[in-house]
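>>> what would the 3D arrangement of this be:
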Amino acid sequence: MIVRVSEARVRPERFEAFHDWIVSAVREFPGQYSGLVDHEVLLAPPGSLLYVSRWRSEEDLVGFAGEQWRDQPVVLPGEDEYLVAPLEVRHFAIASLSGR
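Residues are numbered from 1 along each chain as shown. From the prediction side, this is the model:
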């Protein structure tokens with residue numbers, strides 16, 4: 001499983017509007033991308049929002065984000081008007097806590 005974290009640094013005066021907009025935009029992603037296991041929006045007002053998604057495989061993530069998924073965030077049309085900086089994206093593998 002791959003965990004993808006996209007961080008948006010949001011204009012404080014647009015934070016609530018961006019939150020509403022992004023939740024609406026990603027709501028249908030599970031039905032559109034079969035490899036998306038789970039996703040959530042995490043808030044750190046007044047200026048940071050994280051979109052966290054969990055993907056079954058690299059192939060599934062390529063289907064969502066393209067071949068450059070490791071380095072390139074997925075930017076939705078109109079998203080830039082809310083942001084003070086470009087999106088940042090990071091990826092994590094799930095570590096077992098069971099002691100192997």
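>>> my read: residue 45 touches residue 15, true?
Yes: counting by CB atoms under 8 Å, residue 45 touches residue 15, with 5.6 Å between them. C-betas here are computed from N, CA, C, even on glycine.
>>> more crowded one of the two?
Shown here are residue 45 and residue 15; by other CB atoms under 10 Å, residue 15 has more neighbours (19 against 11).
>>> where along the chain do the helices fall?
In the chain, the helices defined using DSSP state H lie at 15-26, 29-32, 58-65.
>>> save the ones you listed as JSON lines, and put in mean pLDDT and distance to residue 82 too.
Below are those laid out as JSON lines (pLDDT from 0 to 100; distance: least, CB to CB, whole Å):
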{"stretch": "helix 15-26", "mean pLDDT": "96", "distance to residue 82": "4"}
{"stretch": "helix 29-32", "mean pLDDT": "93", "distance to residue 82": "18"}
{"stretch": "helix 58-65", "mean pLDDT": "95", "distance to residue 82": "20"}
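>>> of those helices, which is nearest residue 40?
Nearest to residue 40 among those is helix 15-26 (9.3 Å), distances taken as CB to CB.
>>> circling back to that earlier point, how about the helices of the chain, which one is nearest residue 77?
Across the helices of the chain, closest to residue 77 is helix 15-26 (CB to CB), at 9.3 Å.
>>> hey, C-alpha coordinates of that closest one in PDB?
Written as PDB, here are the backbone C-alpha positions of helix 15-26 (Å, rounded to 0.1, in the frame of the first residue of the first chain):
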ATOM      1  CA  PHE A  15      -9.500  28.500   3.700                       C
ATOM      2  CA  GLU A  16     -13.200  27.600   4.300                       C
ATOM      3  CA  ALA A  17     -14.100  28.000   0.600                       C
ATOM      4  CA  PHE A  18     -11.100  25.800  -0.400                       C
ATOM      5  CA  HIS A  19     -12.100  23.200   2.200                       C
ATOM      6  CA  ASP A  20     -15.600  23.000   0.800                       C
ATOM      7  CA  TRP A  21     -14.400  23.000  -2.800                       C
ATOM      8  CA  ILE A  22     -11.800  20.200  -2.300                       C
ATOM      9  CA  VAL A  23     -14.100  18.000  -0.300                       C
ATOM     10  CA  SER A  24     -16.700  18.300  -3.200                       C
ATOM     11  CA  ALA A  25     -14.000  17.700  -5.800                       C
ATOM     12  CA  VAL A  26     -12.600  14.500  -4.200                       C
END
